[in-house]
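Visitor: what's the 3D shape of this:
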Amino acid sequence: MTGPRFLRLALHGNSRYRGRRVRRLANGTADLAPIEERSAAAADTGRGNLSIVEGDLVDRDFVAELLAVHEPRAIVHAAAQPSAPYSQINGERANDTQHNNLQATRNLLFGLQETGLSDTHVIETTTTGVYGAPAFPIPEGSAVMENEGEREEVPFPAMAGSWYHQTKSFDAANLRLANEQFGLPVSDVRTAIVYGSSTTETREDDRLATRLDFDYYFGTVAHRFCAQAVAGYPVTVYGRGEQRKPFVSLEDTVEGLARLALGAPEKRPAAHTVYNQVTRPISIVEVAETIASAGADRGLDVAVEHFENPREEDETHRMEIANDRYADLIGEERIGFEEGMTEVIGALLERRETISAHEDRFLPDVLE
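Guide: Numbers count the residues shown, from 1 in each chain. Coordinates of the predicted model:
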């Protein structure tokens, strides 16, 4: 093999998952272009060295064949059911989420070991949600435990708050085990809440546009608030909204993953290495107020209203989270939160009719 070669297990797989199982719950502003059109757009913008292979990572035989044929040097694994609210609907959705996410990652890890690819760099996007909301600062992946005068660095305890987040807690543990038992270089990228509607690359061709979900189940809190502002719907802050959540722009997210995937082999981690992919924590009420301000700049009259919180959470939690390793990887923040919200509102205003037609998706459904 010549040059950097990596396998991306990510966005198209997630769109298939949504289309097959949860389309009636999720409403993006527009569906993704067919994969053939996206591939053609990539070639037209100077990225013609892509191969598209469709399959299910839950299928162990498919994964083994995929790895044997392509022999990747690095894998960016972001193929998962990504919604905490979806996983909380009922037992069926919880089982669906856990089976899909855990089986896919296990197949990938064992597939690499069994096909003799133990030098392949595995980069998985887990989530900062594995940490829960502890009352003390969150380190970048590990903590020092003391007992009877002895000290040891141990994995930070998983305190996930949903059946989805629990899958990523299990994935983190399995990634660590695969590193120890198989020697796989592992980068565990714990991604925060992502905001933004495009990247430098996707702006080059409309066919490369990614999803921009605004519903309760698959839209992030920031994007859902932006859609409410565009539709003239009150921005719904649950409870006091003073709890801080970690955020990162789509641009910075992609940049970090690309740098890990395309890095020189000698810079691959020897151990299970955790990156807290976050640029800063922001309170929910600050998110709402920032969006109201950005909306006003576009002529929108945005009301911020507080509603009873249906979730069990500390509405005053002041999250502190270390991100030194990730900051060293990407350097300065590329898209600030205010700029990101302005971009998202602009993208949503172009599809205002679609959003207004689906206002019922801003809040959770009562499902049978």
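Visitor: low-scoring pLDDT stretches of this protein, where are they?
Guide: 1-31, 365-368 (pLDDT under 70).
Visitor: residue nearest the centroid of it?
Guide: residue 191 (5.6 Å; C-alpha atoms, centre = their mean).
Visitor: ok, that residue to residue 257 distance?
Guide: 9 Å (C-beta to C-beta, to the nearest Å). For the C-beta atoms, the positions are set from N, CA and C on the backbone; glycine is no exception.
Visitor: Same question for residue 268.
Guide: Taking C-beta to C-beta, one finds residue 268 at 14 Å from residue 257.
Visitor: Compare neighbour counts for those two and give me the winner.
Guide: Higher neighbour count among residue 268 and residue 257: residue 257, with 26 against 20, using other C-beta atoms under 10 Å.
Visitor: which SS state does that one fall under?
Guide: helix (DSSP: H, G, I helix; E, B strand; the rest coil).
Visitor: contacting residues for it?
Guide: Going by C-beta atoms under 8 Å, 6 or more residues apart in numbering, residue 257 touches 76, 78, 123, 125, 189.
Visitor: The residue nearest to the centre of the chain bridge partners, please.
Guide: residue 277 (DSSP bridges).
Visitor: isn't it right up against residue 124?
Guide: No. Residue 191 is not in contact with residue 124 according to C-beta atoms under 8 Å; the separation is 9.8 Å.
Visitor: if we can go back for a sec, need the residues touching each of residue 191 and residue 257.
Guide: residue 125.
Visitor: Now do residue 207 against residue 201, distance only.
Guide: 12 Å.
Visitor: ok, now residue 228?
Guide: From residue 228 to residue 201 the distance is 29 Å (C-beta to C-beta).
Visitor: so how many other residues sit close to residue 135?
Guide: 9.
Visitor: give the contact list for the closest residue to it other than its chain neighbours.
Guide: Leaving out its chain neighbours, the residue that sits closest to residue 135 by C-beta to C-beta, 6 or more residues apart in numbering is residue 317, at 7.8 Å. Neighbour list for residue 317: 133, 135, 242-244 [criterion: C-beta under 8 Å, 6+ apart].
Visitor: Buried only: go through the residues you listed for me.
Guide: Using 16 or more other C-beta atoms under 10 Å as the burial test, the contacts of residue 317 include 133, 243-244 as buried.
Visitor: Mind putting these into CSV with secondary structure and distance to residue 224?
Guide: Compiled in CSV, these are given as follows (DSSP: H, G, I helix; E, B strand; the rest coil; distance: C-beta to C-beta, whole Å):
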residue, secondary structure, distance to residue 224
133, coil, 20
243, coil, 16
244, strand, 18
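Visitor: Just put the residues you listed in a markdown table and tack on distance to residue 71.
Guide: Output for those, formatted as a markdown table (distance: C-beta to C-beta, whole Å):
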| residue | distance to residue 71 |
| --- | --- |
| 133 | 41 |
| 243 | 45 |
| 244 | 43 |
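Visitor: Tell me how far the residue nearest to residue 135 lies from residue 287.
Guide: Distance from residue 317 to residue 287, by C-beta to C-beta: 14 Å.
Visitor: Packing partners of the longest helix belonging to the chain?
Guide: Counting residues, the longest helix found in the chain (DSSP state H) is helix 91-114. Identification of packing neighbours for helix 91-114 by 3 or more C-beta pairs under 8 Å, 6 or more residues apart in numbering; DSSP states H and E yields helix 60-70, strand 74-77, helix 84-87, strand 121-125, helix 163-182.
Visitor: same thing but at 10 Å, please
Guide: strand 6-9, helix 11-17, helix 60-70, strand 74-77, helix 84-87, strand 121-125, helix 163-182 (3 or more C-beta pairs under 10 Å, 6 or more residues apart in numbering; DSSP states H and E).
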